[in-house]
Each structure stands twice: as structure tokens, then as C-alpha cells.
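Asker: dropping a prediction and its sequence here:
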Amino acid sequence: MMKRLTVSLPGRDYEILTGRGLLDSAGEACRAVLPGAARIGIVTDSNVGPLYAGRLVRSLESAGFQTAVITVPAGERSKSMAMLEQVYDELLAFGLTRSDAVAALGGGVVGDLAGFAAATLLRGVDLIQVPTTLLAQVDSSVGGKVAVDLKAGKNLAGAFWQPKLVLMDPDCLDTLSDAVFADGMAEVIKYGCIADSKLLSRLAAAPGRAAVMEYVEELLTTCCQIKRGLVEQDERDTGARMLLNFGHTLGHAYELAGGYETYTHGQAVAAGMCRAADLGVRLGISPPEVSGRIAALVRAFGLPDAIACTMADYAAAVGLDKKGDKDQITLILLSELGRAVPWKTEKSKVLHLLEELAL
Ligand SMILES: NC(=O)c1ccc[n+]([C@@H]2O[C@H](COP(=O)([O-])OP(=O)(O)OC[C@H]3O[C@@H](n4cnc5c(N)ncnc54)[C@H](O)[C@@H]3O)[C@@H](O)[C@H]2O)c1
Ligand SMILES: [Zn+2]
């Protein structure tokens, strides 16, 4: 059974289709949203391409599209200006025109890189997101943020470029490593924390990858519905969308502490959510049980509930936070499990509280 969710944005509505085996009917679905396109340039990475590009190519070709597969090395390093230029060159060599499209087949790295290429090449061509990691399916493929990393930092060159269609085949998740699956679970838990306490109870009742895969289509739809709601209210990320940052500001400190190598994004966010929960409890904004429940849940999915870091790392993360202006910062806290609230305060106050928590 295929699930269908519409993201409604002024003049740019698009659908998120979710279904096991959907990869094999991608052609039909793409033809419906790209009636006049002749070519689709598929951007993928060196892990995903060998596993899934063949099926996508066959399905697209049977719907009358010409295809080319552009494969970048797997990993965050490919989200670079150098790789972007290579992708532009290969898409142009393939003969891509403004009436054609780019498909991103892979995780968030490919989605962000191919998405930014689509947003900018020839002043913008249509984009199809075909996310293959849990993180990309619940988070990065929806909402239109696309970017590459610069030497100065992650995601610093980017755009808002909504896809024409998002195609999610949960069968693709079967080939993920446990670590990459757990990374996506951190974002799933985040959605539960900010917007859906029932989701948290369901995850806690039967934790683990196998149990989650039993109802994965429903899970993906639940998460995408939450993200869709926030994106529809705040496409450009100046308000409601910031609730998605729960766990991310403090998570950033752990990413810094590990030099972006030691801890994965999901691990850092998991520990960040736990620390943010502690702050909420400490401030009397969250009920006391919130901390323990989030910590137990992240541990049940193989994620850390704490990561050691220095006050300097916290200071850097708080200072660098994109949402903070001047000396103020907005942290996302929980007023209860399943409900997030922005909390605006002095950066120094956050540091002070974190110091106290560490004692
Ligand atoms: N645009 C957004 O809104 C947004 C949101 C969150 C994260 N991101 C970005 O997403 C990126 C992280 O995404 P990610 O966690 O998906 O990482 P990723 O794209 O690097 O994928 C993780 C690993 O899994 C492999 N892989 C992907 N699909 C697979 C499959 N089906 N089977 C086997 N292996 C597979 C990849 O090759 C890679 O080695 C970061 O760059 C982050 O900045 C963007
Ligand atoms: Zn995240």
C-alpha cells in the first residue's frame, strides 16, 4: 500500500510517496510530475549506486526518460564546491536542459549536493528526491533545504529548492548499517519529543530496528507529517521550523568536541536532546520524568545519552548558533513530552546552567 502526503506551499505543492518497492514504479510517478522532461540526471554515491541505481534507471527509462548516473564518493566530503562543479559538468555533458530534471538517489549528502546542483544549474531545474537513508527519508528530503559545505563550515552555501516529488522506498533501508540506521532514529525520536508523545510510547514499547521496520511506512509518514506541518508554516526557517532544532544546538557542541569525526550527527543530537531535556527540567519548564524517558529511549536505540565536552565547545556551539542574535539565543525545550517550546535567553545563562548540570 502506497502512502501519499502532500506538502502545500504557494504554487509549489508536491507529494511525498512512500511504499515498499516504489523504486520500481518511480518512472510512472516521475512522468506524472514531469510531463515534458526528456532527461533525468541521477546523482548517487558509491554505496547507493551499485545497490539501487539500476532499478531506478530501468523504471525511468520505461517511462520514456533518458538517464545518466553520476556517482560521487560516499561521505560528507562529497558535499563540497569541488564536487558540485563536477556534478554540473557531468549533467551538462549529458545534455541536461532547463526542461529536464535531476534525481537525488541516496542519503542526505546526495540529497543536499544534487539538490543544490538542481537549484542553481541553468538557474534551476526540477528535482526529484529519492532518499535512501532513514535520516533522509524522515528529514533531509522534505522541506527544500539544499546545500554544500564550505571550508568555513557546514551547509554555508545553499538554497531553498523544493522537490517536484519525494519517492521513499522503505525497502532501501534494509541495506543500511546499524550505525546509519541509529543516526536516523535520533531524528525520529526528535519528532516524537517535539510533536508526538504517542510515537515515543510506541518506540519505547518495542525498541530496536526490527520492531521499527514492522511499521516503518507509518513511521515515515508520521515523521514527514510533522516536518511538513512546520515547513508549511515556515518555509524559510524564521519561526516554527526552528522547533526542529531540538537537541541540535547542544548536539553541535558534541560534534565540535569530536571534530566532526568521533561522533555521528545522530549520536550528537541524541546526547543534545538529553542535555536539553535536563535544562528544561532544571528550569521547571519540563516535568521531571522527561529527562529519564528520553535518555532511556536513545539508549534503547544504541545512541548515547551523554557525550563529554568542554565549556569551550559549548560556548562555540552556542555562539555559532545560526538562530541566535547578539547575546541572545533561542533554545528549543520541551514543555512536556511531545510539545516543544522556544526559550529565548542570554547565551551566558545557557553556559552557566550547563556548567551547573555538569557538576
Ligand atoms: N537538507 C536538510 O534539511 C538536511 C537535514 C538533515 C541533514 N542534512 C544533511 O544530511 C547529511 C547526512 O545524511 P545521511 O545521514 O543520510 O548521510 P549520508 O548521505 O552520508 O549516508 C550515510 C551513509 O549511508 C550510505 N547509504 C545511503 N543509503 C544507503 C542504503 N540504502 N543502503 C546502504 N548504504 C546506504 C551512504 O553511502 C553513506 O555512507 C548531512 O550532510 C546533513 O547536513 C540535511
Ligand atoms: Zn539533524
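Answerer: Thanks, I have the structure now. Ligands and ions are numbered 1, 2, ... in the order given.

Asker: give me every residue that touches the nearest residue to residue 94 once chain neighbours are set aside.
Answerer: Using CB to CB, 6 or more residues apart in numbering and skipping residues adjacent in sequence, the residue nearest residue 94 is residue 68, 4.0 Å away. The way it works is simple: take the backbone N, C-alpha and C, and place the C-beta from them, glycine included. Residue 68 is in contact with 39, 41-42, 90-91, 94, counting by CB atoms under 8 Å, 6 or more residues apart in numbering.

Asker: same check on residue 317?
Answerer: 249-250, 252-253, 256.

Asker: from residue 310, how far off is it?
Answerer: According to CB to CB, to the nearest Å, residue 317 stands 11 Å off from residue 310.

Asker: so where's the chain uncertain?
Answerer: In the predicted model, the chain carries pLDDT under 70 at residues 320-325.

Asker: the same query, at a cut-off of 50, please.
Answerer: Counting by pLDDT under 50, the chain has low-confidence residues at 321-322, 324.

Asker: quick revisit: now do the same for the residue nearest to residue 94: helix, strand or coil?
Answerer: strand (DSSP: H, G, I helix; E, B strand; the rest coil).

Asker: ok, the one 3 residues further on next?
Answerer: The three-state label given to residue 71 by three-state DSSP is strand.

Asker: for it, which non-adjacent residue is closest in space?
Answerer: residue 49 (4.5 Å).

Asker: closest to ligand 1 among the contacts of residue 68?
Answerer: Nearest to ligand 1 among those: residue 42, at 13.9 Å, using CB to the nearest ligand atom.

Asker: tell me who's in contact with the closest one.
Answerer: So residue 42 contacts 53, 56-57, 60, 67-70, 102-103, 105 (CB under 8 Å, 6+ apart).

Asker: ok, now residue 66?
Answerer: Counted by CB under 8 Å, 6+ apart, residue 66 has contacts 38-40.

Asker: change it to 6 Å
Answerer: Contact partners of residue 66, counting by CB atoms under 6 Å, 6 or more residues apart in numbering, are residue 39.

Asker: residue 179: neighbouring residues, count only.
Answerer: Residues lying near residue 179 (other CB atoms under 10 Å) number 11.

Asker: would you say it is within a helix?
Answerer: Yes: counting by three-state DSSP, residue 179 is found in a helix.

Asker: any chance of the contacts of residue 317 in TSV, with neighbour count, distance to residue 180 and secondary structure too?
Answerer: Output for the contacts of residue 317, formatted as TSV (neighbours: other CB atoms under 10 Å; distance: CB to CB, whole Å; DSSP: H, G, I helix; E, B strand; the rest coil):
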residue	neighbour count	distance to residue 180	secondary structure
249	24	23	helix
250	28	22	helix
252	24	20	helix
253	27	23	helix
256	20	22	helix
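
Asker: show me which of the residues you listed is closest to ligand 1.
Answerer: Of all the contacts of residue 317, residue 252 has the smallest distance to ligand 1: 11.6 Å, by CB to the nearest ligand atom.

Asker: how about that closest one, nearest residue that isn't a chain neighbour?
Answerer: residue 317 is the one closest to residue 252 (CB to CB, 6+ apart), at 4.0 Å.

Asker: and that neighbour, what helix or strand is that in?
Answerer: helix 311-320 (DSSP states H and E).

Asker: name the residues of the host helix or strand of residue 298 that are buried.
Answerer: Applying DSSP H and E as the criterion places residue 298 in helix 289-300. Using 16 or more other CB atoms under 10 Å as the burial criterion, the residues of helix 289-300 that qualify are 290-291, 293-295, 297-298.

Asker: turn the contacts of residue 42 into CSV, including distance to ligand 1.
Answerer: Shown next, in CSV, are these (distance: CB to the nearest ligand atom, whole Å):
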residue, distance to ligand 1
53, 11
56, 12
57, 16
60, 18
67, 19
68, 19
69, 14
70, 14
102, 15
103, 14
105, 9
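
Asker: now, of the residues you listed, which are buried?
Answerer: In terms of neighbour count (16+ other CB under 10 Å), the buried residues within these are 53, 56-57, 60, 67-70, 102-103, 105.

Asker: residue 206 and residue 219, how far apart?
Answerer: 12 Å.

Asker: likewise for residue 226?
Answerer: Taken as CB to CB, the span from residue 226 to residue 219 is 11 Å.
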